[in-house]
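Undergrad: Sequence isn't available, so here's the structure alone:
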């Protein structure tokens, strides 16, 4: 029963957060500063999710082929490679590291 209470609390918080968005003045949302902040937050959230997925296994931190693939993909991005090249280089790095025994 305790799990259902937490689920209902999470639903209420999510609903309240969405409802609070309707009370934000439109003038604030149209400012260039808010547009920059929203874009930066999106990038930060995506980066944090990527790092968590690359280093977590259950409730522990692991260093395996996913981290090597992430490093190779980051270098490809830094070199301004096209997105398909970034994805393929990351996948090739993961496959190569797994062949070498880095599960």
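TA: Structure received. All figures in this text were calculated on a predicted structure; none of them were measured in a lab.

Undergrad: Residue ranges in this protein under the pLDDT threshold?
TA: By pLDDT under 70, the low-scoring segments of the chain are 1.

Undergrad: which residues in it form strands?
TA: 56-57, 60-61 (DSSP state E).

Undergrad: highest average neighbour count across these?
TA: Of these, the one with the most neighbours on average (mean count of other CB atoms under 10 Å) is strand 56-57, at a mean of 10. Just so you know, the C-beta spots here come from the backbone N, C-alpha and C atoms, and that holds for glycine as well.

Undergrad: For it, which strands pair with it and how are they oriented?
TA: Here strand 56-57 is paired, per DSSP bridges, with strand 60-61 (antiparallel).

Undergrad: For the partner strand, what is the distance to the chain centroid?
TA: Distance of strand 60-61 from its chain centroid, counting by CA atoms, centre = their mean, to the nearest Å, is 17 Å.

Undergrad: now stretch 9-28
TA: Worked out by CA atoms, centre = their mean, stretch 9-28 lies 22 Å from the chain centre.

Undergrad: can you check stretch 78-95 too?
TA: 17 Å.

Undergrad: Same question for that stretch: list its buried residues.
TA: By neighbour count on 16 or more other CB atoms under 10 Å, the buried set for stretch 78-95 is 86, 89, 90, 93, 94.

Undergrad: Turn the strands of the chain into TSV, including distance to residue 3.
TA: Formatted as TSV, the strands of the chain follow (distance: least, CB to CB, whole Å):
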stretch	distance to residue 3
strand 56-57	23
strand 60-61	23
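
Undergrad: So which of those strands is nearest residue 30?
TA: Closest of those to residue 30 is strand 56-57, at 38.1 Å (criterion: CB to CB).
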